[in-house]
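Peer 1: My questions are about this predicted structure, shown below with the sequence.
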Amino acid sequence: MSTRVSPPRAVVAVVVEWRGRVALFKRSQSVGHERGLWHCITGYLEPGVSPRQQALVELEEEAGLTPQELAGFESGEPLLISDDGGNPWLVHTFTAVSTRRRLVINDEHDAYRWTAPSKISRFSNRVPWLDAVLQGVMPNTDRKAA
């Protein structure tokens with residue numbers, strides 16, 4: 001009897017920064033999972049689209065940021081993360097440095113908050129794998145996990 005392991009689902013995760021702060025987005029009731037939890041910008045990697053292109057699409061859709069409004073856009077470490085059911089996810093991580101404080105969120109989020117990286121652990125109701133994403137894109141910060 002063999003166990004069939006499915007290939008990981010590919011997603012992008014974008015951490016938005018502005019003046020040394022990180023934006024956390026509270027997921028709304030209109031999303032299919034992790035409702036009410038704080039997270040970064042995320043999205044499924046569409047077939048035939050590069051992770052970088054998908055990350056820029058999600059950034060504009062979910063935060064209203066266009067490439068022209070970014071002072072920086074860097075890829076981080078790709079992560080292999082398992083969800084609660086043991087399913088593997090390949091997470092392509094990015095950091096986007098915004099030139100503006102005000103973001104325009106879509107219906108996937110109820111709110112957003114700018115916070116110092118060292119204070120992210122105060123958001124106890126955050127998506128479980130957010131810390132891994134932050135560590136992948138910001139490994140040298142003084143951010144402390146809870």
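Peer 2: Everything's here; your move. Residues are numbered from 1 along each chain as shown.

Peer 1: Please make it C-alpha for all contacts and neighbour counts, starting now.
Peer 2: Noted.

Peer 1: name the helices or strands packed onto the helix or strand of the chain with the lowest mean pLDDT?
Peer 2: Using mean pLDDT, DSSP states H and E, helix 130-137 stands out as the lowest-scoring helix or strand of the chain, at a mean of 90. Other elements packing on helix 130-137 under the criterion 3 or more Cα pairs under 8 Å, 6 or more residues apart in numbering; DSSP states H and E are strand 9-18, strand 79-82, strand 88-98.

Peer 1: The ones you listed: lowest mean pLDDT?
Peer 2: Mean pLDDT is lowest for strand 79-82 among the helices and strands packed on helix 130-137, at a mean of 92.

Peer 1: Quick check: end-to-end length of stretch 79-95?
Peer 2: One end of stretch 79-95 to the other measures 14 Å (Cα to Cα, to the nearest Å).

Peer 1: Now do the buried residues in the longest helix along the chain.
Peer 2: Counting by DSSP state H, the longest helix found in the chain is helix 51-63. For helix 51-63, a neighbour-count test (16 or more other Cα atoms under 10 Å) marks 51-52, 54-63 as buried.

Peer 1: The residues you listed: which two are farthest apart?
Peer 2: Largest separation among the buried residues of helix 51-63 by Cα to Cα: 51 and 63, giving 17.4 Å.

Peer 1: Low-confidence stretches in the chain?
Peer 2: For the chain, the stretches flagged by pLDDT under 70 are 1-5, 139-146.
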